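> Sharing a model that was predicted from the sequence below.
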Amino acid sequence: MAAPGTTERAARDDAEAAWLRDVYRPDEPNLTVRGVIAGILIGFVMCLSNIYVFFKTGWSLGVTLTACILAFATFKLLQALGARPLGVLENNALTTVASGAGYMTGGGNAAAFGAIVMITTAQPSKVGLIAWFGLIAALGVFVAIPIKRQLINRESLAFPTGTATAETLRTIHAAGSGQGTAAAKALGIAAVLAGVLTFVRDYLKWVPGQWAPRFLLHGHDLVRWTISIKTELVLIGAGGLMSFRTGWSMLLGAIVNYAVIGPALLDHGLLKARGGQPVSYAGIIDWTLWPGAAILVGAGLTSFALDYKSIARSFTGLGALLGAKRHAEPIAGIAAVEAPDWWFPAGVLLLSPGIVALMYLMFDIPVWAALLAVPIAVLMGFVAARVTGETDVTPTKALGPVTQMIYGAITPGNLTGNIMSANVTGGIGLHAADLLTTLKTGWLLGARPRHQVYAQLFGVLAGAAVIVPLFYLVVPVAQLGTDEWPAPSALVWANVSKAFVNGIDALPRSAQIAIAIGLAFGIGLTLLDKAAPRARAFLPSPSAIGIAMVVPWSNSFAFFLGTAIAEVIRRRFRRYDPYTVPVASGLIAGESLVAIAITIATTVL
């Protein structure tokens, strides 16, 4: 009778051998020069869009589904001019490049950057920040390499976004299906509609930016409480990409925040007047961001802790990795196809000194404390990758506060350093998870894994080169934290760092009580969600409630409207469901790109 370990190893080898025999397609084009160039260009567009969306809404949106449809449409046009058709694996590699570049706003990059410019006097070098984001993202890519075979080849973790992207690529490239062309048309029409509305609203001023009924709430116009309907289709589009549970939870949170808590703050003299106005968005969130942030942190850490089995498996897999040399395989079969494991330690040794040096030089973090950041971030990156594979959620909201707490204790008083130390953990975890998501797509399609690693590196380095200048080009720094540019995630990131650096005792008594209630609420909802999974659809999302407490009511309502429309289509008009993602993506791209163009034109002219 074979030993259990022998049986498991044989099953693993059989799965990989079957993939090599039946799925792997080495003779088809994967990573090409034109694919890299197109991927970088699409990634730049998606990065622009994501910067706009992030500082408007607090959400950083994945780009793989949109990128593969845009690539398909672009090369269909080029094909009419004589270009070679774009194959499914070439599109997959192109999409990997675009994802690396376009998703640079994730992992705390944009949140940390926004937090620094909002609440500190620090003025980090732009070149230094480009190097910072590039080093962190590249290290995240290398962190994914040694765990890819364990999570994808052997355990077949779902990585839902990666699986959905594979299905989308199969569908749009299927001979004679016409699905790709139809999806591209839907995306284009939605983009034009949103772009035209943005132009006539923001440039011609023919359409108002918001509308509110002429009613009073607690003696003040509804618009003072941010209760209005905005004509920003980007918000409805973002809602269309969220779950219905997230949408109605945000609406519920917004109603409680602005129609219940806000008036109560006014009654008790806790609402600070801003700009001569007793009621304003800035005045309300000056207090409500504390319970909102506490809900996010409490829910994130509790969800993280409840996933203890996944965490344990991460470290079990790490142990297997460290002992792998004792069972070295010949460079043949699957090992000849995958990225070599030695790339991971080589990447760590190559990139870590730069990260430590920048932490010391740019953020005044002592060298000994900076040296701790890399191993902590690598371990957290392993955990984040597995959690993403099992749940499709990268736990940045949980991992960031853990690092902020650690550095609040070991480097007290250093607010900038606290903000950016958490960016190391979040950034490495995000980019490791992002590569594994695209590698899951490649595994299902039969792509070359090494080509996807190269593609991700091209993407993240290109994205790092543009995210800082694009931020200063697109975002009016002086308006961050206002109704127009709420930047909720940056606000939360900044104030969590404030709390850990200065101590909870430095906050007003009412804020301390609100934090305690927020933590209890976030923890309780997460525990209830775990204990009663069948009731999950009827339980509010703690993350959505937390975000709703730091964005205007009008934003939450628009998100809800987008999720409600998408839910009705899913339930009642299922034949149109394949167009939900393209249309939502088109609304986001159309408005954000035209709004950015107007901003640039106005600045230049």
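That came through, no problem. Numbers count the residues shown, from 1 in each chain.

> residue boundaries of the strands in the stretch 151-300 of the chain?
210-211, 216-217, 220-221, 229-230 (DSSP state E, counting those that start in this stretch).

> Identify the residues contacting the last one?
With Cβ atoms under 8 Å, 6 or more residues apart in numbering as the contact definition, strand 229-230 has outside contacts at 209-212, 554-555, 557-558. The way it works is simple: take the backbone N, C-alpha and C, and place the C-beta from them, glycine included.

> what's the closest of those residues to residue 466?
The shortest gap between residue 466 and any of these belongs to residue 555, at 26.3 Å (Cβ to Cβ).

> Name the helix or strand of the protein that has the lowest mean pLDDT.
helix 308-322 (a mean of 55; mean pLDDT, DSSP states H and E).

> Now do the phi/psi pair for residue 337.
Note on residue 337: its backbone torsions stand at phi -100, psi -40 [degrees, to the nearest 10].

> For residue 414, report the pLDDT, please.
For residue 414, the model assigns a pLDDT of 85.

> Repeat that for residue 222.
Per-residue confidence (pLDDT) for residue 222: 87.

> What's the per-residue pLDDT of the nearest residue to it once chain neighbours are set aside here?
In space, and not counting its chain neighbours, residue 222 is closest to residue 212: 4.6 Å by Cβ to Cβ, 6 or more residues apart in numbering. Here, the pLDDT recorded for residue 212 equals 83.

> Quick check: the gap between residue 212 and residue 347.
53 Å (Cβ to Cβ, to the nearest Å).

> Give me the buried positions along stretch 242-251.
242, 244-251 (16 or more other Cβ atoms under 10 Å).

> typo on my end, stretch 225-242
So stretch 225-242, judged by 16+ other Cβ under 10 Å, has buried residues 225-228, 230-242.

> Next, the residue nearest to residue 222: phi, psi?
When read as degrees, to the nearest 10, the backbone of residue 212 gives phi -140, psi 140.

> Run a quick neighbour tally on it.
The number of residues packed around residue 212, counting by other Cβ atoms under 10 Å, is 18.

> Same question for residue 511.
Neighbours of residue 511 (other Cβ under 10 Å): 21.

> Whichever strand or helix holds it: what's the following helix or strand?
In this structure, residue 511 is located in helix 509-531 according to DSSP states H and E. Counting by DSSP H and E, the element after helix 509-531 in chain order, helix or strand, is helix 542-548.

> contacting residues around that next one?
Under Cβ under 8 Å, 6+ apart, the answer for helix 542-548 is 58, 245-247, 249-254, 257, 292-296, 298-300, 397, 488-489, 492, 518, 521-522, 525-526, 556.

> how much space is there between residue 488 and residue 266?
Distance of residue 488 to residue 266, computed by Cβ to Cβ: 22 Å.

> Looking at those two, which has the bigger crowd around it?
Shown here are residue 488 and residue 266; by other Cβ under 10 Å, residue 488 has more neighbours (29 against 19).

> so what's residue 353 up against?
Contacts of residue 353 by Cβ under 8 Å, 6+ apart: none found.

> For the closest residue in space to residue 476 that isn't next to it in sequence, grab phi and psi.
Excluding the flanking residues, the one nearest residue 476 by Cβ to Cβ, 6+ apart is residue 485, at 6.6 Å. With angles defined as degrees, to the nearest 10, residue 485 sits at phi -130, psi 80.

> Is residue 485 in contact with residue 53, as I believe?
No: if you go by Cβ atoms under 8 Å, residue 485 and residue 53 don't touch, sitting 11.6 Å apart.

> Looking only at neighbour counts, state which of these two leads.
Remark: of residue 485 and residue 53, residue 53 carries more neighbours, 24 against 17, as counted by other Cβ under 10 Å.

> ok, the more buried one touching residue 592?
Yes: between residue 53 and residue 592 there is a contact at 6.0 Å, judged by Cβ under 8 Å.

> list residues touching both of those two?
By Cβ under 8 Å, 6+ apart, the residues touching both residue 53 and residue 592 are residue 234.

> average pLDDT for the helix holding residue 511?
Averaging pLDDT along helix 509-531 yields 89.

> For that helix, which helices and strands make contact with it?
helix 281-306, helix 542-548 (3 or more Cβ pairs under 8 Å, 6 or more residues apart in numbering; DSSP states H and E).

> Show me what counts as buried in whichever strand or helix holds residue 493.
Assigned by DSSP H and E, residue 493 belongs to helix 488-502. Neighbour-count burial for helix 488-502 flags 488-501 (criterion: 16+ other Cβ under 10 Å).

> pLDDT added to these, as a markdown table?
Rendered in a markdown table, the data for those read as follows (pLDDT from 0 to 100):
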| residue | pLDDT |
| --- | --- |
| 488 | 80 |
| 489 | 81 |
| 490 | 84 |
| 491 | 81 |
| 492 | 78 |
| 493 | 81 |
| 494 | 82 |
| 495 | 78 |
| 496 | 79 |
| 497 | 83 |
| 498 | 80 |
| 499 | 79 |
| 500 | 78 |
| 501 | 80 |
